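J.: Prediction below, plus the sequence it came from.
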Amino acid sequence: MSLYAPRYARALVDVVLTEKLDAAQVDRQLQEVLDTFAASHALRLAMEDPSIHLEEKLKVVDALAARTQWPHALRNFLAVLLQNGRMAALPEIVAGYRAELDARQNMGEAEIISVRELDAGERAALEARAAKLTGRSIRAVYKRDPALLGGVVLRMGTVIYDGSVRGRLERLRRQLAGE
């Protein structure tokens with residue numbers, strides 16, 4: 001990780017929170033920027049090329065901002081990155097932005113794996129339980145795994161709560177084997 005990426009990430013979070021921008025919308029727009037640069041190798045190289053004048057790069061950013069309706073704060077943020085020659089670190093800065101925003105909003109991400117699709121009530125109950133366990137608001141990502149046989153596995157960072165039938169059978173097997 002570069003030394004400067006966390007500073008840019010914190011600065012962007014400061015702007016989003018100070019200006020009361022919709023954080024989810026800014027996140028989607030940042031993803032659009034990342035996707036745009038990932039889709040066009042020539043564009044990415046041009047934005048990172050020090051021999052291309054800043055004014056030309058800003059014209060491209062302004063055209064993209066107008067076409068995609070980015071907020072002025074996002075356009076200005078990209079301009080600062082261009083001025084300081086930091087566009088190559090944009091993916092790292094965006095990842096840092098997301099982590100910093102989650103930390104400031106006391107938000108955690110949970111992966112919930114179940115054998116079948118869960119209904120809205122089950123999802124709400126699991127998210128409430130995860131929030132209670134962590135003391136944080138939870139953004140859940142749901143996955144299915146038929147090998148679980150039943151129950152759910154809740155993964156939050158490096159902590160795993162295994163309430164699956166497969167997990168219970170494995171623990172029982174270890175107990176019976178004396179492990």
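T.: Arrived safely.

J.: Give me the nearest residue to the residue nearest the centre of the chain, chain neighbours excluded.
T.: A centroid search over the chain (CA atoms, centre = their mean) returns R98, at 5.1 Å, as the residue closest to the centre. Using CB to CB, 6 or more residues apart in numbering and skipping residues adjacent in sequence, the residue nearest R98 is D27, 6.8 Å away. Quick note: C-beta positions are derived from backbone N, CA and C, even for glycine.

J.: Give me the distance between stretch 61-79 and the centre of its chain.
T.: Distance of stretch 61-79 from its chain centroid, counting by CA atoms, centre = their mean, to the nearest Å, is 20 Å.

J.: List the buried residues in the longest helix anywhere in the chain.
T.: Counting residues, the longest helix found in the chain (DSSP state H) is helix 23-39. Residues 23, 26, 29-30, 33, 37 are the ones in helix 23-39 that count as buried (16 or more other CB atoms under 10 Å).

J.: before we move on, back to that, now the residue nearest to R98: how far from V13?
T.: 11 Å (CB to CB, to the nearest Å).

J.: Spit out the residues that contact the two alike.
T.: Jointly contacting D27 and V13 under the rule CB atoms under 8 Å, 6 or more residues apart in numbering are L101.

J.: related to what we said a few turns ago, tell me how far the residue nearest to the centre of the chain lies from G151.
T.: For R98 relative to G151 (CB to CB), the value is 30 Å.

J.: now E117: how far from A147?
T.: Noted for E117: a distance of 16 Å to A147, by CB to CB.

J.: Could you chop this structure up by domain?
T.: 5-103, 107-177 (automatic domain parsing).

J.: worst average pLDDT in these?
T.: Note on the domains of the chain: lowest mean pLDDT is at domain 107-177, with a mean of 85.

J.: on that earlier part again, would JSON lines of the buried residues of helix 23-39 with distance to G178 be doable?
T.: Shown next, in JSON lines, are the buried residues of helix 23-39 (distance: CB to CB, whole Å):
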{"residue": "A23", "distance to G178": "51"}
{"residue": "V26", "distance to G178": "55"}
{"residue": "Q29", "distance to G178": "57"}
{"residue": "L30", "distance to G178": "53"}
{"residue": "V33", "distance to G178": "56"}
{"residue": "F37", "distance to G178": "56"}
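
J.: Alright, calling it a day.
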